[in-house]
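Peer 1: Provide a 3D model corresponding to the input given below.
(one chain, ligands or ions: 2)
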Amino acid sequence: MPTMLFRSNADRADWWRETVMGELPELDFRIWPDAGELADIDYALVWKPETGLLASLPNLRAIFSLGAGVDHIFADAELPKHVPVCRVINPNMALRMREWVVMQTLMHHRRHREYDRQQRMKVWQELPQPHAGERKVGMMGLGELGGDAARYLAMLGFDVAGWSRTPREVEGVTGYHGADGLDAFLARTEILICLLPLTDATRGIVNRGLLAKLPRGASFINAGRGGHVVEADLLAALDEGDISEASLDVFQTEPLPADSRFWDHPQVTVTPHIAAFSDPRALVDQVVENIRRDQAGDPLINTVDTGRGY
Ligand code: NAP
Ligand code: GLV
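Peer 2: Numbers count the residues shown, from 1 in each chain. Ligands and ions are numbered 1, 2, ... in the order given. Modelled structure (predicted):
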């Protein structure tokens, strides 16, 4: 009988137990910290597991992330690197992310922050407005979520470019890639969106140097991870007008501390890491399928490259 350990402070353990066991009645579903005999555990279904937890499971066959990102798993210095890690890839999540990214991009493009301010001052005044085809949007990360959102922004008529590690083709999107492609991508970008995974190669990538390569007055949207941004550098760029506004869903510290300047900054929109909620109804099938596959000796789906960290 296979055994799974569930560990998350952000997800409903009882719902997961009932739903997974509805599909796999033979599964022994345990909820951390009631793990029982650790040698029994075949699978771990986790969000932000504590350091050393996964290493303490000697017979672990696969780790399932409760989100699309796996940085919360690779953050564990004791992670057993031979165990496959699977993540969420799902149209439900892409749809949710697309909504948030398109909404923020349109708010920047259509000067919503300024009109909001004008409304509160009872000012009736038209502001100059380019059309979408005259607006250059740049997507860092052209994967499942970034690629999808970039394609939809292009369908809205924006002039969209994307930047990835390796060459990627996304319909309607001009591709740049690698360190050599970054400067040209930034130089043409008026609204920069980050949907990169957080890895050793991308941590702190949105820093003073990168922001300085954007045209003055460009704006920034982050739905990747807070660790992508050097927050002091972004605040300085906002204060100095190098960056005109920012929409931020993710932060170095979450929940965002009460004393963070982002809360009150007149040019910043804060949302509480809700750009693309991991809808358990959409995730459960992938977890069940992977257990069935593994039990049948078939390859797992949605695995990540443990060397690259995404
Ligand atoms: P993905 O499918 O793995 O795509 C990642 C993209 O980033 C790929 O295009 C990849 O390039 C590119 N990339 C990775 N490292 C790079 C580097 N060093 N330089 C340039 N490009 C690099 O990931 P995804 O499913 O789209 O998800 C992206 C991230 O979104 C997740 O990791 C997570 O942090 C975040 N997320 C946030 C929320 C939220 O609610 N805010 C929800 C879900 C996910 P290649 O194509 O060449 O591999
Ligand atoms: C959420 O941030 C996720 O990685 O799914």
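Peer 1: quick one: buried residues of the host helix or strand of residue 209?
Peer 2: Mapping residue 209 onto the secondary structure by DSSP states H and E places it in helix 208-212. Across helix 208-212, burial judged by 16 or more other Cβ atoms under 10 Å covers 210, 211. All C-beta atoms are positioned from the backbone trio N, CA, C, and that covers glycine.
Peer 1: which helices and strands sit right next to that helix?
Peer 2: helix 231-239 (3 or more Cβ pairs under 8 Å, 6 or more residues apart in numbering; DSSP states H and E).
Peer 1: Now do the buried residues in the helix it packs on.
Peer 2: Counting neighbours by 16+ other Cβ under 10 Å, one finds that the buried residues in helix 231-239 are 231, 233, 234, 235, 237, 238.
Peer 1: gap between the residue lying closest to the last one once chain neighbours are set aside and residue 108?
Peer 2: Using Cβ to Cβ, 6 or more residues apart in numbering and skipping the chain neighbours, the partner closest in space to residue 238 is residue 267 (5.2 Å). Summarising the geometry, the distance separating residue 267 from residue 108, computed by Cβ to Cβ, to the nearest Å, is 10 Å.
Peer 1: hey, what's in contact with both of those two?
Peer 2: Jointly contacting residue 267 and residue 108 under the rule Cβ atoms under 8 Å, 6 or more residues apart in numbering are 244, 245.
Peer 1: Quick check on these two: which one has the bigger neighbour count.
Peer 2: In this comparison of residue 267 against residue 108, neighbours counted by other Cβ atoms under 10 Å, the higher total goes to residue 108 at 24 against 15.
Peer 1: mind checking how far the more buried one is from residue 135?
Peer 2: When distances are taken as Cβ to Cβ, residue 108 and residue 135 turn out to be 9 Å apart.
Peer 1: Now for the two: what residues contact both?
Peer 2: Counting by Cβ under 8 Å, 6+ apart, the shared contacts of residue 108 and residue 135 are residue 191.
Peer 1: May I ask which helix or strand encompasses residue 174?
Peer 2: The secondary structure element spanning residue 174 is strand 173-177 (assigned by DSSP H and E).
Peer 1: what's next to that strand, contact-wise?
Peer 2: 139, 142, 147, 150-151, 154, 160-169, 182, 184-185.
Peer 1: Report how many residues lie close to the residue in the chain that ligand 1 sits nearest to.
Peer 2: Distance from ligand 1 to each residue of the chain (Cβ to the nearest ligand atom) is smallest for residue 143, at 1.7 Å. Residues within reach of residue 143, counting by other Cβ under 10 Å, total 19.
Peer 1: With residue 74 instead?
Peer 2: 21.
Peer 1: Please name the nearest non-neighbouring residue to it.
Peer 2: Skipping the residues right next to it in sequence, residue 74 comes nearest to residue 309 by Cβ to Cβ, 6+ apart, at 4.9 Å.
Peer 1: Give me the nearest residue to residue 293, chain neighbours excluded.
Peer 2: residue 300 (5.8 Å).
Peer 1: and the residue of the chain at minimum distance from ligand 2, what element?
Peer 2: For the chain, the residue positioned closest to ligand 2 under Cβ to the nearest ligand atom is residue 67, at a distance of 2.6 Å. When secondary structure is defined by DSSP H and E, residue 67 falls outside every helix and strand.
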